[in-house]
Every structure is written in C-alpha cells, then in structure tokens.
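[1] pasting the sequence and the predicted model now:
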Amino acid sequence: MVQRIAILVLFFSTFQYFDLYSQDISASQFNAVALYYNPASTGSFPGNYRISSLYRNQWIGFQDEPITQFIISGDIKFYLGYESPTKDFIGAGVYFGTDRTQLFDWNTNEMGIQLAYHKIIDKNKLSFITGGLGFGLQQRSVNYDRLFFEDQYNGLDAYNGATNEILPQNIHATPNLVFGLEYSSYVNKRLFLQMGLSAKHLFSNEFSFYNNLDNPDYVGSRENPAFSSIIWMSHLVYRYDAFNEISPRMLLQWQGPHGMLLPGFSYRRAMLKNNQTAVHMGVSSRIVKNYDAFSISDLGLQLGLELQTFMVGLQYEFGLRDATKYGAPTHSFEISLRLMGAYENQFQFAPRF
C-alpha cells in the first residue's frame, strides 16, 4: 500500500508543477550530487562510501566568460549493529560548492556537513524512510573593481555630480540549515523508487551586504532575506531484463516567485553479466518560470560510462529559448565523476545515473 501511494505521488507531482514556483539551480545531473540538494540522500546508495564531483560551464556564447559551477561531496554509511541492508543505518557526509560569475566576480561558496537516519520499514522490499539535517555556511563576494557607477545629475545641465556610493565590505557569510525527507523502496524485482523533499532558508537567511554596515550616512535598505526554497526530487529505475534499464527522474524547485523543473530520462545498457559495466544515454530539459509564464529554456543530451564502481557522466545543453528569442543559442557543458565503495551484494540492482 505504501509503495502504491508513493508511486501516485511521484506521478502527479510530475504533471502538476505548473502551479508551483521555483528558482533556477545549476546542475542538470542532480542525481550525481544528490546530497547537495537533500541531506536525507546522505548515505542513500548501494555501497559503503561515495565520492562525487560535478563541474558545469554555463551559457557559453552569452558572454566571453561564462558562469562556472563546481560541487564535490562525499558520504559514508554507519550500520546500527552488524552490517546488513535490512538494518537501520546512519549516513554522514560533507560537500563544497562554488558558483562563479566572471563578469563582476560575483562568487558564492558554500560548504556543509550532513547527517541522515535511515529507518527500514519493510525488510523484504528494502523500504526506508529517511530524515536528514544539514548545516552549512554560504559566503558571497563581489569585486568592486568591476562595478562602475554613473555621475549624478547636478540638477541643471550636466551629469557631473559625485557618485557618493557607500559600499559595504565585499564579502558576506551566513549560516544555513537544511531539512530533508526521503522514501526509497525496491517495489518489486524490477522496479526501484526513490523520492525526497528538502527545505532551505526556512528562517529567512539575511544575504544583504549592508546588514551590518555601520555608517550613519547610508539611508538605503539593510535587509535582503532569502526566499524559502523547497526542492522535490524523484527517481524511478525499471529493469526490464538482465542487461537493460530505463530511468525517468525529476527535480522541481520553487523559491518565492521563481520556478524550475528538470525532467530527464536515461537508458542503461549493461555490457557484462556482472551488471557493473554499462553505457548510459539520456535526454533532459530545463523548464523555468519567467514572470508569469513557464518556458523550455534548454534541451540536453547525456552520455555516461560505468566501469564497476566508477562512473563518468557528460551532458550538453542547447539554449532553445535563446535560439528562438534572440537567434543566438547558448551552450552549456557538464561533467560528473563518481566513485563508490564496494556494492552490497544483497541489493538487487543499483540506480546510478
């Protein structure tokens, strides 16, 4: 019964995103660094440890120096009692992420630690309910040498007045708590289901550079709280024979007036009977909310190679919206690397892409 309800939630969430709001995020291969988005994903993998990294080069062709992102994470399992996939366990992990906009040297660095408790609710289906908590620190900075301010109008005939800009310290850091829930289950011998919900900025984190500025001459706003962010991730893996798997997945985020949906679909072809060497191919899209309308901004192609416990994933995205609106498409490239500890033989199969 629980599995049926979970599948229905996954189905309807896929087709009802138009009523939600989200803010764009970077990684299209979000499964590769899942714990970055949901602390409940920490330790949720078929092995004893996992190291993941992702690099993205975004909007090539839009400017001379495109936006770049990099995420690296690692997590490990601690079984309660003796090591067994039918026992509760704890996942612990760390991550570091950076987002760099070269035009103004507008940079965001983030690091965090995460814990998750995985409670088994069905030993036959290896069904788990997981709660996760993450604590992180975000640092934002900007280079004032790349910002230029026009002279003020003198009220008569020229723009020759002093700019009188009051600039705060150009580095700002703020702590952040992230909460997450996840459900995973081998519904049957062919089907695996995983879905989770996470929340960030629930306490209105203050990101204003002027928040702590001690200058009586400054009369502008000192507050810039972040919108609360809600992220939904879902993932299905269906193995229809010993060598072939299909896997639809989705990430949905809403944050204040912003919205984004990342649906994707991949195919996995195993090359050997041990099912640990395989080729992955997939397609994806990026749907974003601008003002009051949704539009498809990018179409993506994916290719992956799996060699036992190591996997590399490549993604290329074509800027469809920019091509149709401006006649000049943008391009984005993404590469992910994952290394996983020895697979647990008790698991029937393992979703990896």
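    Thanks, I have it.
[2] where does residue 48 land on pLDDT?
    Residue 48 is assigned a pLDDT of 87 by the prediction.
[3] contact partners for it?
    When contacts are counted by Cβ atoms under 8 Å, 6 or more residues apart in numbering, residue 48 touches 76, 77, 341, 342, 344. From N, CA and C alone the C-beta is placed, and that goes for glycine too.
[4] any idea which of these has the most stuff around it?
    When neighbours are taken as other Cβ atoms under 10 Å, the top entry among these is residue 77 (22 neighbours).
[5] give me the element the nearest residue to that one once chain neighbours are set aside is part of.
    Of all residues not flanking residue 77 in the chain, residue 43 sits nearest, at 4.8 Å (Cβ to Cβ, 6 or more residues apart in numbering). Using DSSP states H and E, residue 43 sits within no helix or strand.
[6] neighbours of residue 43, how many?
    Using other Cβ under 10 Å, residue 43 is surrounded by 28 other residues.
[7] quick check, pLDDT for it.
    At residue 43, pLDDT is 93.
[8] check contacts around it.
    Shown in contact with residue 43 (Cβ under 8 Å, 6+ apart): 75, 76, 77, 89, 90, 91, 92, 93, 116, 118.
[9] secondary structure and distance to residue 290 added to these, as TSV?
    As requested, the contacts of residue 43 are arranged in TSV below (DSSP: H, G, I helix; E, B strand; the rest coil; distance: Cβ to Cβ, whole Å):
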residue	secondary structure	distance to residue 290
75	strand	35
76	strand	41
77	strand	41
89	strand	42
90	strand	41
91	strand	37
92	strand	39
93	strand	34
116	strand	35
118	strand	38
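[10] which of these ranks first by neighbour count?
    Neighbour max across the contacts of residue 43 (other Cβ under 10 Å) = residue 116, 28 neighbours.
[11] quick check: it touching residue 76?
    No - contact criterion Cβ atoms under 8 Å: residue 116 and residue 76 do not qualify, at 11.2 Å.
[12] where do the contact lists of those two overlap?
    Residues touching both residue 116 and residue 76 (Cβ under 8 Å, 6+ apart): 43, 91, 92, 93.
[13] residues in contact with residue 288?
    Residue 288 touches 24, 259, 260, 261, 294, 295, 297, counting by Cβ under 8 Å, 6+ apart.
[14] report the beta-bridge partners for it.
    Per DSSP bridges, the residues bridged to residue 288 are residue 260, residue 295.
[15] the worst-scoring helix or strand of the chain on mean pLDDT: what's the following helix or strand?
    Every helix and strand of the chain was ranked by mean pLDDT, DSSP states H and E. The lowest is helix 2-15, at a mean of 39. As assigned by DSSP H and E, the chain's next helix or strand after helix 2-15 is helix 34-37.
[16] next, the distance between the ends of stretch 117-136.
    Length of stretch 117-136, first residue to last, Cα to Cα, to the nearest Å: 18 Å.
[17] quick revisit: can you redo the shared contacts of residue 116 and residue 76 as CSV with distance to residue 233?
    As requested, those are exported to CSV (distance: Cβ to Cβ, whole Å):
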residue, distance to residue 233
43, 15
91, 16
92, 20
93, 16
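[18] count of residues packed around residue 49?
    Per other Cβ under 10 Å, the neighbour tally for residue 49 reads 16.
[19] so in terms of bridging, what pairs with it?
    As for beta bridges, residue 49 partners with residue 76 under DSSP bridges.
[20] can you pull the contacts of it?
    74, 75, 76, 77, 340, 341 are the contacts of residue 49 under Cβ under 8 Å, 6+ apart.
[21] equivalent analysis for residue 241, please.
    Counting by Cβ under 8 Å, 6+ apart, residue 241 has no contacts.
[22] mind telling me what element it is part of?
    Short version: residue 241 belongs to no helix or strand, going by DSSP H and E.
[23] next, find the distance separating it from residue 190.
    Separation of residue 241 from residue 190 (Cβ to Cβ, to the nearest Å): 9 Å.
[24] now do residue 86
    According to Cβ to Cβ, residue 86 stands 20 Å off from residue 190.
[25] which one of the two has more residues nearby?
    Under the neighbour definition other Cβ under 10 Å, residue 86 and residue 190 were set side by side, and residue 190 has more, 14 against 10.
[26] distance of that one from residue 183?
    Distance from residue 190 to residue 183, by Cβ to Cβ: 18 Å.
[27] repeat for residue 325
    Taking Cβ to Cβ, one finds residue 325 at 39 Å from residue 183.
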